[in-house]
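[1] Take a look and give me a structure for this.
(2 chains)
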Number of protein chains: 2
Amino acid sequence: MPTADADRDTTDVAALLERGRTLATPVLKAAIERLAPPMDTVAAYHFGWIDAAGHPAEGDGGKAVRPALALLSAEAAGAAPEAGVPGAVAVELVHNFSLLHDDLMDGDEQRRHRDTVWKVHGPAQAILVGDALFALANEILLELGTLEAGRAARRLTTASRALIDGQAQDISYEHRERVSVEECLEMEGNKTGALLACAVSIGAVLGGADDRTADALERYGYHLGLAFQAVDDLLGIWGDPEATGKQTWSDLRQRKKSLPVVAALAAEGPAAERLGSLLAADAKANDFENFSEDEFAARAALIEEAGGRAWTEAEARRQHTVAIEALSGVGMPDHVREQLTALADFVVVRKR
Amino acid sequence: MPTADADRDTTDVAALLERGRTLATPVLKAAIERLAPPMDTVAAYHFGWIDAAGHPAEGDGGKAVRPALALLSAEAAGAAPEAGVPGAVAVELVHNFSLLHDDLMDGDEQRRHRDTVWKVHGPAQAILVGDALFALANEILLELGTLEAGRAARRLTTASRALIDGQAQDISYEHRERVSVEECLEMEGNKTGALLACAVSIGAVLGGADDRTADALERYGYHLGLAFQAVDDLLGIWGDPEATGKQTWSDLRQRKKSLPVVAALAAEGPAAERLGSLLAADAKANDFENFSEDEFAARAALIEEAGGRAWTEAEARRQHTVAIEALSGVGMPDHVREQLTALADFVVVRKR
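    Here you go, the predicted structure:
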């Protein structure tokens, strides 16, 4: 875990994220313009480029970690960062396809501080535009017409299937009282790890890397994704609402079986037992909308007392370590290795 | 239009369709088995291999025109029919992805004489399994790892985008009082023509055909698709329920703006005018569930009187002719040309 030079690291990472946005966004916008109306408008709303009334907006496009990784990925293979742009755009399209469909399946009404697409434009448009983004992702890659593009598209398809598997697991876990730590990690690996793994290998594949290099980069990305998700799960309970833009105790409000919760439930001792009966009773009563801040705080305190918070913090560090180790077997320019390391550090220390 | 040798043609076509089913179905089933539970079960239900309770079923797998075309397509390029199998399976996966999502978007409760997936397993499974089939289609092609597979996947992606565009048009037309014949043909070209075009070119691409040959085969398939849809639109109003398995006047019950309807409305004269005011009043009243057989029969008679039926019959013949003409510029074994012609004849004269 990084302690010194935090300021310099933050600046580096901000520049990396900015470069990803700058190079990928125009190509992403041009891709969206290919969609037939009204899908182009619905997609532009989803990406935050226009508001619900169709007026230009300055939306929150998210952290843009994936595009930054895709460009670094091309550089890891010795290619120019630009070689990774179609991969960056394709990965962003798949990510947003899954958001559109997941928000509808999960009934989530808010995303990036705005009403979700199904809420504004209806369920049919959420399905349709999701489908269109998924198709567009493959189109962007395959129209390159090279063998490398086919290999990149294949990796993207594998990641997409993992994403879909993860959502299937997420849905089935919702109906279960208990989920094991292993099941939770597998689900998070599918939902977050696989696409991050693809982002950090797709640029290298497009840049001509062999499978061994691409596989090692995927391992880095997969474990970085798990570290990312562990931090997300921590922020989902103990995050500062001002920084995250989410409600206090947001994952508890949604009864999410996130890592701190499943780790606490899997622990031994009186705190874990009290938490277990409390959450079981909560699930039966199903009246979270009437809960006070204190009632959520009490549950969060029990999760912490049972060790769920400390375990998840340690898990983020473990995954961070495994991610960095995966890079050691791959030859790449020093500055790329440093930047991939800085990005991994950023993911683990971020507050939002 | 074929008149002589109808018996022999029918036998040939039955054998072609059977061959497509025999070669493609085992590969399709193996692909579905890759899906994580419960998606594999939901997909098996959709394909009619099991019933809602999970017991083996002998489902109606549809006419299987697309797999038959994909195998002939490989033979058109001088390859073995087996070379077209991954293409046949990929096209069937995309077709069924679109059925799963369209049934949900359209609120259709019945498909192939059974409850639709969203009705039995819920909307989330319909979205999720549709997504999984779409991803699987690309996986099946791209794991071949050849440049040809990449080209095939690219054509499939183009067809998928057209399919999605067509569904977007279909949805937007539902809310409009009038749709022009051109708009209807464009929508049907997207919803039916594009994937048939892909089916009949994808085998050739996998078999090593050049773009010129693949493009000519696509033209044949596109116009065959339009002929197919024109016949479907005729059967949707005047089809024999015993043969089609649909209700009498099924497209009228659904207020579908199909070709006979839009052609009749676009005509001049008293019948077209009476039809126009009648359908406008129907749309306002919106109480089709209380309609008698006679009330539907009266509307069908007006469509016929205004020339909508005759126009659509002529349109099916026109598209059939254009399809056959597209084959003339491509070199291919004689028996393949004959079989593609027999399939085109079958599409236009079929009763179901």
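[2] Can you list the buried residues in the host helix or strand of residue A:313?
    For residue A:313, the host element (DSSP states H and E) is helix A:308-328. Of the residues in helix A:308-328, those buried by neighbour count under the rule 16 or more other C-beta atoms under 10 Å in any protein chain shown are A:308-309, A:311-312, A:315-316, A:319-320, A:322-324, A:326-327. Quick note: C-beta positions are derived from backbone N, CA and C, even for glycine.
[3] for residue A:54, helix, strand, or coil?
    Using DSSP: H, G, I helix; E, B strand; the rest coil, the secondary structure recorded for residue A:54 is coil.
[4] Nearest residue to it in space, please, no chain neighbours.
    Residue nearest to residue A:54 in three dimensions, not counting chain neighbours: residue A:41, with 6.6 Å by C-beta to C-beta, 6 or more residues apart in numbering or on different chains.
[5] and the one you found, how many neighbours does it have?
    For residue A:41, the neighbour count with other C-beta atoms under 10 Å in any protein chain shown is 17.
[6] And it, how far from chain B?
    In this structure, residue A:41 lies at 11 Å from chain B, with C-beta to the nearest C-beta, to the nearest Å as the measure.
[7] next one: residue A:280
    For residue A:280, the distance to chain B under the criterion C-beta to the nearest C-beta works out to 24 Å.
[8] Could you pull out the helices in the stretch 1-150 of chain A for me?
    A:6-32, A:39-46, A:65-76, A:85-106, A:117-121, A:123-142, A:147-174 (DSSP state H, counting those that start in this stretch).
[9] Can you give me the buried ones in the helix or strand harbouring residue A:232?
    Here residue A:232 is covered by helix A:211-238, with elements defined by DSSP H and E. The neighbour-count criterion (16+ other C-beta under 10 Å) identifies A:213-238 as the buried residues of helix A:211-238.
[10] ditto for stretch A:203-212
    A:203-207, A:209.
[11] Could you report the separation of residue A:41 from residue A:132?
    The gap separating residue A:41 from residue A:132 is 12 Å, by C-beta to C-beta, to the nearest Å.
[12] Kindly report the same for residue A:334.
    Computed as C-beta to C-beta, the residue A:334 to residue A:132 distance reads 41 Å.
[13] what does residue A:184 give?
    The spacing between residue A:184 and residue A:132, counted by C-beta to C-beta, is 32 Å.
[14] for residue A:239, same thing?
    As it turns out, when the distance is counted by C-beta to C-beta, residue A:239 lies 33 Å from residue A:132.
[15] Those two: which is more packed in?
    More crowded of residue A:239 and residue A:132, by other C-beta under 10 Å: residue A:132, with 28 against 22.
[16] Next, work out how far apart that one and residue B:130 are.
    The span separating residue A:132 from residue B:130 equals 13 Å under the rule C-beta to C-beta.
[17] Return the residues of the stretch 251-352 of chain A in contact with chain B.
    Taking C-beta under 8 Å from any C-beta of the partner chain as the contact definition, the stretch 251-352 of chain A does not meet chain B anywhere.
[18] can you give me the strands in the stretch 251-352 of chain A?
    For the stretch 251-352 of chain A, no strands turn up when DSSP state E, counting those that start in this stretch is the criterion.
[19] What's the per-residue pLDDT of residue A:208 here?
    Per-residue confidence (pLDDT) for residue A:208: 97.
[20] Help me confirm that it is found in a strand?
    No - assessed with three-state DSSP, residue A:208 is coil; it does not lie in a strand.
[21] so how far is residue A:154 from the closest residue to chain B within the stretch 201-350 of chain A?
    Shortest the stretch 201-350 of chain A-to-chain B distance, computed as C-beta to the nearest C-beta: residue-wise this is residue A:211, at 10.8 Å. As for residue A:211, its distance to residue A:154 is 11 Å (criterion: C-beta to C-beta).
[22] With that, I have no additional questions.
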